[in-house]
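let me see the structure of the following:
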Amino acid sequence: MGRKRKLSQAEQDNLKECLADTGASCSDQTVLKIWNKASELRPGAAHGSANDARHFTAELNENSLRCFKTHELPTLTGCAVRFCLGNLPELLQEAARTSREWSSVLERALASDGGRVTCILYHDEVTCGNILAPRKSGKVCLLYASLTEMHASLGNENAWLCVGIVQHQDLDRVSGGMSRVMALVSRELHCEKHLSGFYLSLPSGQKWCSLRAKTYFVSDGDAQRATWSVKGSSGLKPCLFCCNVLSKSCLQDVPEPFQERSIDIIGRPLCQPTL
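This is a model prediction of the structure:
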């Protein structure tokens, strides 16, 4: 192997490019192993270290990390849990700056309705490492966002931006749990600045964009129950879009005109949508 030496500037640039293009298909450690294996076939080539990979990855993610802001969530014991939440307009701008595909899709999305877009939020829990471990230290809740105007592109995982992450053990300590987290996300997402509009720099020039007040929340049944406190799998509770359905237990002292408005009555269109 010979004596190790530092990577040259050209080698550093090449390794940075390899790390930047991995996406979700290959980890940084795998890229580093392939890089070092290939360097054995090149005379005088230098090996990269794990520190090199961490350093270059930090440089590549520096602009993206600036799009996140730390918030504090209260706990039952009086202390606070720190929660990093991304600024959606800044993340959209960074995605358009670094990805030709993102800028192209954003161009079409903003042209569909004069720059007004609707956000979709998706969240779910992911376990890193051993899923059978008694301590869930590697279990985290991830939040992703995208736009309904991206249409068919929503089927591509790269069309979803990670806007937040919180550890499961921290989530258990938060007063209100996932409901408190989603309340914070909704409040920050629908701030006046985002609703009134902002500009994005795209290849065709400055484009005006604004978020609609309505947002779609997508998740599986367990995540819905944890967030909205609904009984999704039992079928004994109406969906969130029903405004005039009463539970069976509350009909005992209700006047006659409202006696029939119960979810246990099948085949009658009593559920009027709120939107």
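
confidence score at E260?
We have a pLDDT of 45 for E260.

in the top helix by length along the chain, which residues are buried?
Secondary structure of the chain read by DSSP state H shows that its longest helix is helix 50-65. Buried residues in helix 50-65, counting neighbours by 16 or more other CB atoms under 10 Å, are found at D52, A53, F56, T57, S64. In this view, the C-beta of every residue, glycine as well, is placed from N, C-alpha and C.

can you check stretch 153-167 too?
S153, L154, A159, W160, L161, V163, G164, I165, V166, Q167.

got those residues as CSV, with secondary structure and pLDDT columns?
Below are those laid out as CSV (DSSP: H, G, I helix; E, B strand; the rest coil; pLDDT from 0 to 100):
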residue, secondary structure, pLDDT
S153, helix, 88
L154, helix, 90
A159, helix, 91
W160, coil, 93
L161, strand, 92
V163, strand, 91
G164, strand, 90
I165, strand, 87
V166, strand, 86
Q167, strand, 84
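
of the buried residues of helix 50-65, which is the nearest to L32?
A53 (4.8 Å; CB to CB).

thought that closest one was touching V31?
Yes: A53 lies in contact with V31 (CB atoms under 8 Å); the separation is 7.3 Å.

so where do the helices sit in the stretch 51-200 of the chain?
Under the criterion DSSP state H, counting those that start in this stretch, the stretch 51-200 of the chain contains helices at 88-98, 100-112, 168-171, 177-189, 192-196.

what's the second one in contact with?
When contacts are defined by CB atoms under 8 Å, 6 or more residues apart in numbering, helix 100-112 is touched by residues 92, 95-97, 117, 147, 149-150, 153, 158-159, 200, 202-204, 207-209.

show the average pLDDT along that helix.
91.

just to revisit the earlier point, nearest to V81, of the helices of the stretch 51-200 of the chain?
By CB to CB (comparing all of the helices of the stretch 51-200 of the chain), the closest turns out to be helix 168-171, at 4.6 Å.

got the buried residues for that closest one?
Of the residues in helix 168-171, D170, L171 count as buried by neighbour count, 16+ other CB under 10 Å.

returning to what we had before: JSON lines please, covering the buried residues of stretch 153-167 and showing distance to E72.
As requested, those are exported to JSON lines (distance: CB to CB, whole Å):
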{"residue": "S153", "distance to E72": "35"}
{"residue": "L154", "distance to E72": "32"}
{"residue": "A159", "distance to E72": "31"}
{"residue": "W160", "distance to E72": "26"}
{"residue": "L161", "distance to E72": "23"}
{"residue": "V163", "distance to E72": "17"}
{"residue": "G164", "distance to E72": "14"}
{"residue": "I165", "distance to E72": "15"}
{"residue": "V166", "distance to E72": "12"}
{"residue": "Q167", "distance to E72": "15"}
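
got the CA coordinates for stretch 97-112 in CSV?
Extracted in CSV, the C-alpha atoms of stretch 97-112 (Å, rounded to 0.1, in the frame of the first residue of the first chain):
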residue,chain,number,x,y,z
ARG,A,97,-30.6,25.2,-6.6
THR,A,98,-29.1,21.8,-6.3
SER,A,99,-31.4,19.7,-8.5
ARG,A,100,-32.3,20.3,-12.2
GLU,A,101,-35.2,17.9,-11.8
TRP,A,102,-36.6,19.7,-8.8
SER,A,103,-36.4,23.1,-10.5
SER,A,104,-38.1,21.7,-13.6
VAL,A,105,-41.0,20.2,-11.6
LEU,A,106,-41.3,23.4,-9.5
GLU,A,107,-41.6,25.4,-12.7
ARG,A,108,-44.6,23.3,-13.8
ALA,A,109,-46.2,23.3,-10.4
LEU,A,110,-46.1,27.1,-10.0
ALA,A,111,-47.5,27.6,-13.5
SER,A,112,-50.5,25.4,-12.8
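
fine by me, we can end here.
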